[in-house]
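Enquirer: below: sequence and its predicted model.
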Amino acid sequence: MTAGSRGDVAPYTGLGHALAREGHQVTLVTHGCFERLVAGSELGFHPLPVDPRAELESSRGRGLHRSATGVGKLMRVAALARALVGKMADDLVAAARESDILLLSSSLAPLGRTVAEGLRLPSMGVYLQPLAPTREFAPPVLGGGSLGALGNRVAGHGVNLVMDRIFASTLPSVRARLGLPRTRVRELPVLHGFSPLVVPRPRDWPRGLDVTGYWWPYDRDAQLPAELLDFLDAGDPPVFVGLGSATVPDPRGLSARIVRALRRAGLRGVIQRGWGGLEAEGADMLTVDEVPHSALSPRMAAVVHHAGAGTTAAGLRAGVPAVPVPIQFDEGFWAERLVALGVAPRSVRLRGLTADALAPALDEAVRQTAYRARAQALGARIREEDGTAPVLAAVERLAR
């Protein structure tokens, strides 16, 4: 069960496929607009209402860009989510009634674990970001940076309280419907689908919280379109630019600044339209829609992306250097990780993205060979990990 943007859904198609290969019957429960992601993966699909792209493009969703701080953005998105979560409750209960075990993303965990308790089902968290408080780093959703050991941990608890408030108006009715008292449910065991080479398990986390390695989106026989293959073959490896499911306030202006930066650095570009609506023209630029990162990223000179958890993982897996352009929430956290790992020269925040800022970062990422060498070495180690194995073992324990 998961809710959010494409990046909050795609990794679970690969995790679910791995479970299906071991004989489990798996259903992905998420927004109806993502049904095509499960095609061919041996997964069932249960649609949830709410179109996340439409919500981000609404006046309330566009309001996220008016907040310049991580706290401000968190409060705005919490208000947005609080207004929507109740619309999904009925479908979550209906899907759970057809299930034996619930695997819950962080975006639905408070509601999912309540449903699991009410239906007496075993459940487990499968998170894509580290959310439990720790002294080692500030809550990723605040956008990166450290507040000091004590400040990091206090902020972690504060963020969790804000997240709990999202579900506060929905949980009482769900608990009453399922015959549960008005008491808080137990904490979940959680497996985290990112590499310990990227974020080591914090030493102060309690038992029951573990890091497994990445879960890769299902993309068997991933093929690139002919037009893209022709473009790749027509010159030096280009730079990929994509902001995934992020929306931006001025797509045309941003696209122009990105193209100027690429040309100033003497680089070709593959520009992914994405939810932000980026576009570029010219013989040295190609605009694409959705393409499999697993097939495209290894052929890039570098990747410029919003540093969402999934896109960050794809670039690391491919072993290519990056220039992260974090926009909001945990993207600043992952951008900092890329820089700390030595696979990105620096991040360029969306608010400060000009050709003058982006072009030298691109030039450094592509032409200073140390970034590619470190990216290739780290990518090789990440590709050796099997993030699904610990989840398979945990599901077998829950089944017993």
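Expert: Nice, thanks for sending it over.

Enquirer: all helices for the stretch 301-400 of the chain, in order.
Expert: Assigned by DSSP state H, counting those that start in this stretch, the helices in the stretch 301-400 of the chain fall at 309-318, 331-340, 355-367, 369-384, 388-399.

Enquirer: ok, now how distant is Y12 from H24?
Expert: Taking C-beta to C-beta, to the nearest Å as the measure, Y12 and H24 are separated by 13 Å. Where C-beta positions appear, they are placed from N, C-alpha and C, glycine not excepted.

Enquirer: more neighbours, these two?
Expert: A count of neighbours by other C-beta atoms under 10 Å puts Y12 above the other of Y12 and H24, at 29 against 16.

Enquirer: my guess is the more buried one contacts V126, does it?
Expert: Yes. The pair Y12 / V126 is scored as a contact, 7.3 Å apart, by C-beta atoms under 8 Å.

Enquirer: find the residues that touch each one of those two.
Expert: With contacts taken as C-beta atoms under 8 Å, 6 or more residues apart in numbering, the residues that reach both Y12 and V126 are 105, 215.

Enquirer: thinking again about what came up before, just so I know, which of the helices of the stretch 301-400 of the chain lies nearest L209?
Expert: In this view, these are compared for proximity to L209 by C-beta to C-beta, and helix 388-399 is the closest at 12.1 Å.

Enquirer: so which bits of the closest one are buried?
Expert: The neighbour-count criterion (16 or more other C-beta atoms under 10 Å) identifies 388, 390-392, 394-395, 398 as the buried residues of helix 388-399.

Enquirer: go ahead and name everything in contact with it.
Expert: Contacts with helix 388-399, where a contact means C-beta under 8 Å, 6+ apart, come from 14-15, 18-19, 22, 24, 100-101, 103, 122, 124, 126, 189, 191, 210, 212-213, 215.

Enquirer: coming back round to it: pLDDT check: weakest of the buried residues of helix 388-399?
Expert: Model confidence across the buried residues of helix 388-399 bottoms out at L398, which has 92.

Enquirer: if I look at that one, how far off is I101?
Expert: Using C-beta to C-beta, L398 is found at 5 Å from I101.

Enquirer: list residues touching both of these two?
Expert: Taking C-beta under 8 Å, 6+ apart as the contact rule, L398 and I101 both touch 122, 124.

Enquirer: quick one: pLDDT of the closest residue to P200 other than its chain neighbours?
Expert: The shortest distance from P200 to any non-neighbouring residue, by C-beta to C-beta, 6 or more residues apart in numbering, is to V211 (7.4 Å). In the predicted model, V211 carries a pLDDT score of 97.

Enquirer: again, but for V185
Expert: At V185, pLDDT is 61.

Enquirer: and if you look at A389?
Expert: In this model, A389 carries a pLDDT of 97.

Enquirer: drop anything exposed from the contacts of helix 388-399.
Expert: 14-15, 18-19, 24, 101, 103, 122, 124, 126, 189, 191, 212-213, 215.

Enquirer: could you list the domains of the protein?
Expert: Per automatic domain parsing, the domain ranges recorded for the chain read 6-214+385-399, 226-384.

Enquirer: if we can go back for a sec, among the contacts of helix 388-399, which are in strands?
Expert: Among the contacts of helix 388-399, DSSP state E puts 103, 124, 126, 191, 210 in strands.

Enquirer: show me the strands in this structure, by range?
Expert: Listed in chain order (using DSSP E), the strands of the chain are 27-31, 44-48, 102-104, 123-127, 190-192, 209-211, 239-242, 269-272, 285-288, 302-305, 322-324.
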